[in-house]
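K.L.:
Build me a structure from this.
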Amino acid sequence: MITSEGLQKLKEEHDHLWRVERPDVTNKVSWAASLGDRSENADYHYNKKRLREIDSRLRYLRKCIDDFKVIEYHPHMDGKVNFGAWVDIENVEKGFKRRLRIVGYEELKSNKDYISMDSPMAQALLNKTVGEEAVVETPAAKFVWMIHKISYDKD
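P.N.:
Alright, predicted model coming up:
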């Protein structure tokens, strides 16, 4: 599962790799190969390795783009924590406040306020409403979070 914003970011990454990075690295490989002996040509080996990495990521992104199910906002989601929700929570005992968004694993990269839908926190929050408590049990401790606000990005 993925949000529509997450899918758009994957498409943009795919497009950038395909149209910008891959052609640039391919040119570097061709240039390095034209120098002759490839056995000790660091530019050639580095760029060939980078080209394999790009191609691998492109295959992965293509599969994700084709296979992920996009979960769009629907009015029936209002009032409850579901996939894609922004949730304002507070641990009154510790005085911690957080604003989190529940997303799929591929959207976590470089988004510090996003949590995986499979995480203990997200599992505790799912299907809860404003004013309810979510109990998160980890091997280290048990935390109680009060839900203050639930919102969705509405396209």
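K.L.:
Kindly check the end-to-end length of stretch 78-87 for me.
P.N.:
12 Å (CA to CA, to the nearest Å).
K.L.:
what distance separates it from the centre of its chain?
P.N.:
Taking the mean of its C-alpha atoms, stretch 78-87 sits 17 Å from the chain's own mean (CA atoms, centre = their mean, to the nearest Å).
K.L.:
same question for that stretch, mean pLDDT?
P.N.:
Across stretch 78-87, pLDDT averages out at 94.
K.L.:
ok, for Asn91, nearest residue in space, not its chain neighbours?
P.N.:
Nearest residue to Asn91, sequence neighbours excluded (CB to CB, 6 or more residues apart in numbering): Trp145, at 5.4 Å. For every residue, glycine as well, the C-beta is placed using N, CA and C.
K.L.:
Return the distance of the helix or strand hosting the one you found from the chain's centre.
P.N.:
Taking DSSP states H and E as the definition, Trp145 sits inside strand 142-151. Offset of strand 142-151 from its chain centre (CA atoms, centre = their mean): 22 Å.
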